[in-house]
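Trainee: Have a look; sequence and predicted model below, questions after that.
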Amino acid sequence: MDHISIIVPCYNEQEALEDYYRAITDVRDRLSAMDCRLEVIFVDDGSRDQTLAVMKELAAEHSWIKYLAFTRNFGKEAAIYAGLTHADGELVGLMDVDLQDPPSLIPEMVQTLREGRYDCVATRRVDRKGEPVIRSFFARAFYRLMRQISDVEIVDGARDYRLMSRRYVDSLLELKEYNRFSKGLFGWVGYETKWLEYENIERTKGETKWSFFKLLMYSIDGIVAFSTAPVRFAAWLGLLFCILAFTFILIIIGRTMIFGDPVAGWPSLVCIILLLAGIQLFCLGLLGEYLSKTYLEVKKRPIYLCRETNLEKAGGEDR
Ligand code: UDP
Ligand code: MG
């Protein structure tokens, strides 16, 4: 009998939990018929509402429901990592609690992994129905940029919703970095991934935890984690400006020798100084972004801290 662990990160999801529980119970029954035992690991990412209380209630009623609560909000990436370190199933799944990831796909995913050709069955949405236009525009631009500046394949519209084999999860856990950008890590570990597609489903209960600003910061994390192209770009830009400056110097010397120096060009000079200062600060900022990430990495702080759990297997961080 296959043992499947499904990791579900939750942050202020008291309304969504009950619906999720009902939906996953149906799937669990279907999986039992397929000779699979499903276990759900809820990760409470420092919620401020009754999320943890609801989880505990569910866990008290059903032994297949596990929970793990953080000491504060560490972010979805930390919740995913915590779940992965604790999941001991032969197959490990990852999904959101808001039912935007249809649980009915799980049996199909299990079937695919059982055939043995793939180590991961992932999902992507083929449209962005119901999403603000600006958000879709920037999301598309981000994926396009990532494809160009990074070696790792990051699929447009890919969700975190997926089912993975044991060895795939073990490989993910070997990546111990502090700044985790899972969308990139999934591609980085390799293996064969099968993509299932579905149309976007809108959230029914609760609301999205991702503001535009939070998403922007997340995308910068992604770029810094998976590409060094921005700093290389800064170096090339510097070189370009050196060549330009050198050419201008030659032109000015030549012109002065031939025509004398009739024009004092201070307004243009001020503009040029401002432009160059701006570019320099921008490039310094780029460097700072990488340096600050390196700083966080070398501190080796734990990715999350666990306040309480009913899981027996101690994970990497809270042994
Ligand atoms: N989430 C989390 N920590 C956070 C933000 C979100 O664990 O700091 C969880 C959230 O509870 C949900 C999932 O991550 O289960 C996806 O969040 P959301 O639905 O808000 O994102 P969206 O679907 O709008 O991209
Ligand atoms: Mg959602």
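Mentor: Received, thanks. Numbering: from 1, shown residues only. Ligands and ions are numbered 1, 2, ... in the order given.

Trainee: Skipping its backbone neighbours, what lies nearest R28 in space?
Mentor: Leaving aside its chain neighbours, R28 sits nearest to L38 (4.5 Å; criterion: C-beta to C-beta, 6 or more residues apart in numbering). (Glycine included, C-beta is placed from N, CA and C.)

Trainee: Who are the packing partners of whichever helix in the chain runs longest?
Mentor: Identified as the longest helix of the chain according to DSSP state H is helix 266-299. On a contact count with 3 or more C-beta pairs under 8 Å, 6 or more residues apart in numbering; DSSP states H and E, helix 266-299 meets helix 212-226, helix 229-259.

Trainee: how about that helix: buried residues?
Mentor: Using 16 or more other C-beta atoms under 10 Å as the test for burial, helix 266-299 gives C283, L286, E289, K293.

Trainee: Which of those residues sits closest to ligand 2?
Mentor: Ranked by distance to ligand 2 (C-beta to the ion), the buried residues of helix 266-299 are led by K293 at 26.4 Å.

Trainee: Next up, the contacts around that closest one.
Mentor: Counting by C-beta atoms under 8 Å, 6 or more residues apart in numbering, K293 touches N179, V224, A225.

Trainee: from these, which are also near ligand 2?
Mentor: Among those, no residue sits close to ligand 2 (C-beta under 5 Å from the ion).

Trainee: Surely E202 touches Q100?
Mentor: Yes. Using C-beta atoms under 8 Å, E202 is in contact with Q100, at 7.3 Å.

Trainee: Settle it for me: which of the two has more neighbours?
Mentor: Using other C-beta atoms under 10 Å as the criterion, E202 and Q100 rank with Q100 on top: 19 against 11.

Trainee: Apart from its chain neighbours, what residue comes closest to that one?
Mentor: Using C-beta to C-beta, 6+ apart and skipping the chain neighbours, the partner closest in space to Q100 is I201 (5.1 Å).

Trainee: and if you look at V231?
Mentor: Closest to V231 by C-beta to C-beta, 6+ apart is L286, at 5.8 Å.

Trainee: per-residue confidence for the one you found?
Mentor: In the predicted model, L286 carries a pLDDT score of 85.

Trainee: Centre of the chain to stretch 133-146, how far?
Mentor: Put simply, stretch 133-146 sits 15 Å off its chain's centre (C-alpha atoms, centre = their mean, to the nearest Å).

Trainee: coming back round to it: now restrict the contacts of K293 to buried residues only.
Mentor: By 16+ other C-beta under 10 Å, the contacts of K293 give V224, A225 as buried.

Trainee: will you turn the contacts of K293 into CSV that also has pLDDT and distance to ligand 1?
Mentor: Below are the contacts of K293 laid out as CSV (pLDDT from 0 to 100; distance: C-beta to the nearest ligand atom, whole Å):
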residue, pLDDT, distance to ligand 1
N179, 86, 15
V224, 87, 19
A225, 85, 18
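
Trainee: how about the CA coordinates for stretch 283-300, as PDB?
Mentor: Included here for stretch 283-300 are C-alpha records, laid out as PDB according to Å, rounded to 0.1, in the frame of the first residue of the first chain:
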ATOM      1  CA  CYS A 283      24.200  49.000 -10.000                       C
ATOM      2  CA  LEU A 284      25.200  49.300  -6.400                       C
ATOM      3  CA  GLY A 285      21.700  48.400  -5.400                       C
ATOM      4  CA  LEU A 286      21.900  45.300  -7.600                       C
ATOM      5  CA  LEU A 287      25.100  44.300  -5.900                       C
ATOM      6  CA  GLY A 288      23.600  45.000  -2.500                       C
ATOM      7  CA  GLU A 289      20.700  42.700  -3.300                       C
ATOM      8  CA  TYR A 290      23.100  39.800  -3.900                       C
ATOM      9  CA  LEU A 291      25.300  40.700  -0.900                       C
ATOM     10  CA  SER A 292      22.300  40.900   1.500                       C
ATOM     11  CA  LYS A 293      21.200  37.500   0.300                       C
ATOM     12  CA  THR A 294      24.700  36.100   0.800                       C
ATOM     13  CA  TYR A 295      24.700  37.700   4.300                       C
ATOM     14  CA  LEU A 296      21.500  35.900   5.200                       C
ATOM     15  CA  GLU A 297      22.800  32.700   3.800                       C
ATOM     16  CA  VAL A 298      26.000  32.700   5.800                       C
ATOM     17  CA  LYS A 299      24.200  33.400   9.000                       C
ATOM     18  CA  LYS A 300      22.700  29.900   8.700                       C
END
